[in-house]
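In: just a sequence and a predicted model for now, questions to come.
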Amino acid sequence: MRPLRVLTLSAVVAATLLAGCSSGTSPSTDQAASPAAASSVHAARPDGKAALASAVDTFLNGYFEHYPVFAAGAGKHEFDGKLPDYSAEGLQADATWLHAQRDKFAAFPDDQLDAQGRFQRDYVLAVIDGQLFWLEDSGAPYRNPTFYTGDLSPSMYLTRPYAPLAQRMAAFVTYQEALPRALAQVKANLKLPLPASYIDVGVNSFAGFASFFKTDVPGIFAEVKDDALQARFKASNAAAIKASQDLADWLKAQKPHATQDFALGAEKFSKMLHATERVDLPLAQLKAIGESDLARNLAALKSACAQFAPGKSLTDCVAKESADKPTGGAVEGARAQLASLRQFIVDKDLATIPGTEQARAEEAPPFNRWNFAYIEIPGPYENNLPSVYYIAPPDPAWSKADQAAYVPGKASLLFVSAHEVWPGHFLQFLHANRAHWKFGQLFVGYAFAEGWAHYAEEMMFDAGVAGGTPETHIGQLTNALLRDVRFLSAIGLHTGGMSIAQSEQMFREQAFQDPGNARQQAARGTYDPAYLNYTLGKLMIMQLRQDWIAAHPGPNALKAFHDQFLSYGGPPIPLVRQQMLGGPMQAKLWTTDQPASAPATATSR
């Protein structure tokens, strides 16, 4: 799943490293990342450089004011405890400000900017366009509880040791005091009737908040010896519990009137792809590419199963892999995997690890268990803080069999850990947090982050992780098939009349998911239509790798590609392609009729 700083409904995704390269050439890694090279290019048009830099600074300051949770999460702790104004007037003020900012950046003409300046301008425009899509075109503020739940998460104050506990408690109390008003605004915004899956995710999230505030939070702050602060905490905690549970109960009461009216429709879905990822490919072409990748991975699964479980069906083969559970459960199993994954990257020289930071694995809190795993990574204004890889336990309301099936096998979990930590999200954010342009540190795109993390899974298997055994391959492929079915479900649910039941069946039959995961994934597709970005981003990266290595061959080409790709922070991948290869900005996806070049460190099979 996307890490905390990658937002799809409450903030669009975009980022870049200062890249001093011409859009018409294929720069070296040093040229793309060197601040000195960037300064020499900037000097060509000092007026354009200064005006653009000033506009970006103004944008960031305004963004922090409009989105204070984003600011606090990035490490701007003067915004601690503040929540956005979710009223209709507040949302309109956000939109008005974004449109004014868009007009300002669109007014920078090409002839007043160097190549780097045009890149930065286009990046900021992509951020604004994506934000406006979710705010205005998608209808999410008035239908979709997940538009708000990311902002409302208190996890930062409880799990990130950025300050002494008493200081974080004060920030959390301020947050709790603001929460009832924010939740009242959320309730006022939601226009009935709502889709059933939206109600379910809202009930689970807000009831999860209430449970967490009641059961877990008091113990976290019990040691703080400040009577006045403890009194404020007690009062605000009771109010937050009541407001959260009341909203969950109100949503639950709407279930008899729920609809299945969740589809964006083809026009809005296509607009989403362009606004958020700069992808303009026809939906029919995208669907065909997704079906081709699904077929590729199913064929590979059949081959691996012929060795791992000869004579068994694919379902039984996957069940055999899943039955080999991690010792101590998923969290303990993931903890045991992280060190070996990092060492494998070092031993195979797959990518630069720019720092000594580590990530730890923990159980996900009750309010954020709608997906199996995610990672929270401190923002670029923080220093020397841990990242946390969260894993959700099974829903206790499920049957014992479904709960047991929800815990993945060791091989499958290995690639979840690769996705979230090494060399997936965590490594990518180690690079992003070192971008020379602050804007590039702050915004990372959905397709860039999830595409990279998903690409990393297949790349690690190709490089021979865990011996490249058939069982290991099955673990990688079940993760790939899950993302292929997400890709096709997103298109089907929102543009093709697919029902949630049909999506769930596809997850069961073609991604071999257990019943609990299949239900979660099908429902997620309704309120997270952009979850096709895992496969979409991966296939754009695979094609870019093939094209870039063809132009830059050599024994270290794979590492050089990875380092340069990661140096940009996280822009729309078509914009990265333009920077790395030159030519126009375009979305180009790898397909099975264009075999990907084998990684330089791949083992033969």
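Out: Structure received.

In: can you map out the helices along the stretch 401-550 of the chain?
Out: 410-420, 425-432, 438-442, 446-462, 470-495, 500-510, 515-527, 533-551 (DSSP state H, counting those that start in this stretch).

In: okay, angle between the longest one and helix 446-462 too, please.
Out: Angular relation of helix 470-495 and helix 446-462 on a 0 to 180 degree scale: 160 degrees, by axes from the mean of the first three to the mean of the last three Cα atoms, to 10 degrees.

In: mind starting the numbering at 837 from now?
Out: Okay, residue one is now 837; in that scheme the one you just asked about reads as helix 1306-1331.

In: what mean pLDDT does helix 1306-1331 get?
Out: Taken as a whole, helix 1306-1331 has a mean pLDDT of 97.

In: just to revisit the earlier point, looking at the helices of the stretch 1237-1386 of the chain, which is closest to Pro1229?
Out: Across the helices of the stretch 1237-1386 of the chain, Pro1229 has its closest neighbour in helix 1351-1363 (10.9 Å, Cβ to Cβ). In this view, the C-beta of every residue, glycine as well, is placed from N, C-alpha and C.

In: contacts made by the closest one with the rest, please.
Out: Identification of contacts with helix 1351-1363 by Cβ atoms under 8 Å, 6 or more residues apart in numbering yields 980-982, 1031, 1033-1034, 1036-1037, 1098, 1206-1208, 1230-1231, 1234, 1238-1239, 1241-1242, 1318, 1321-1322, 1325-1326, 1329-1330, 1336-1337, 1339-1344, 1347, 1349, 1367.

In: of these, just the buried ones, ChimeraX syntax please.
Out: Command for ChimeraX that selects the buried part of those, burial taken from 16 or more other Cβ atoms under 10 Å:
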select :980,981,982,1031,1033,1034,1036,1037,1098,1206,1207,1208,1230,1231,1234,1238,1239,1241,1242,1318,1321,1322,1325,1326,1329,1330,1336,1339,1340,1342,1343,1344,1347,1349,1367
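
In: any low-confidence regions in the stretch 837-986 of the chain?
Out: 837-882 (pLDDT under 70).

In: now with 90, please.
Out: 837-885, 951-952, 986 (pLDDT under 90).

In: let me have the helices of the stretch 1237-1386 of the chain in CSV, extended by distance to Gln1066.
Out: What follows is the helices of the stretch 1237-1386 of the chain, written out as CSV (distance: least, Cβ to Cβ, whole Å):
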stretch, distance to Gln1066
helix 1246-1256, 36
helix 1261-1268, 35
helix 1274-1278, 35
helix 1282-1298, 39
helix 1306-1331, 45
helix 1336-1346, 45
helix 1351-1363, 37
helix 1369-1387, 44
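
In: which among the ones you listed is found nearest to Leu1186?
Out: Across the helices of the stretch 1237-1386 of the chain, closest to Leu1186 is helix 1282-1298 (Cβ to Cβ), at 7.3 Å.

In: could I get the closest one in CSV with only the CA atoms?
Out: Taking C-alpha atoms only, helix 1282-1298 is exported to CSV below (Å, rounded to 0.1, in the frame of the first residue of the first chain):
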residue,chain,number,x,y,z
TYR,A,1282,0.9,7.5,-6.4
ALA,A,1283,2.0,5.8,-9.6
PHE,A,1284,5.7,6.7,-8.9
ALA,A,1285,5.7,5.4,-5.3
GLU,A,1286,3.4,2.3,-5.8
GLY,A,1287,4.8,1.6,-9.2
TRP,A,1288,8.4,1.6,-7.9
ALA,A,1289,7.5,-0.5,-4.9
HIS,A,1290,5.7,-3.0,-7.1
TYR,A,1291,8.4,-3.0,-9.7
ALA,A,1292,10.9,-3.6,-6.9
GLU,A,1293,9.2,-6.9,-6.1
GLU,A,1294,9.7,-8.4,-9.6
MET,A,1295,13.2,-6.9,-9.9
MET,A,1296,14.2,-8.5,-6.6
PHE,A,1297,13.0,-11.9,-7.7
ASP,A,1298,14.8,-11.5,-11.1
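
In: so which helix or strand takes in the nearest residue to Ile1310 once chain neighbours are set aside?
Out: With sequence-adjacent residues excluded and distances taken as Cβ to Cβ, 6 or more residues apart in numbering, Ile1310 is closest to Glu1157, at 4.6 Å. Using DSSP states H and E, Glu1157 maps to helix 1150-1159.

In: same deal with Tyr1225?
Out: strand 1223-1227.

In: what pairs with that strand, parallel or antiparallel?
Out: strand 1195-1199 (parallel), strand 1209-1212 (antiparallel) (DSSP bridges).

In: redo these as TSV? Include mean pLDDT and mean neighbour count.
Out: Converted to TSV, the strands paired with strand 1223-1227 look like this (pLDDT from 0 to 100; neighbours: other Cβ atoms under 10 Å):
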stretch	mean pLDDT	mean neighbour count
strand 1195-1199	94	18
strand 1209-1212	91	22
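
In: so which of the ones you listed is nearest Thr1010?
Out: Comparing those by Cβ to Cβ, strand 1209-1212 comes nearest, at 20.2 Å.

In: rank the helices of the stretch 1237-1386 of the chain by pLDDT, which is bottom?
Out: Among these, helix 1274-1278 carries the lowest mean pLDDT (a mean of 91).

In: ok, Asp1383 touching Gly1419?
Out: No: assessed by Cβ atoms under 8 Å, Asp1383 is found out of contact with Gly1419, at 10.3 Å.
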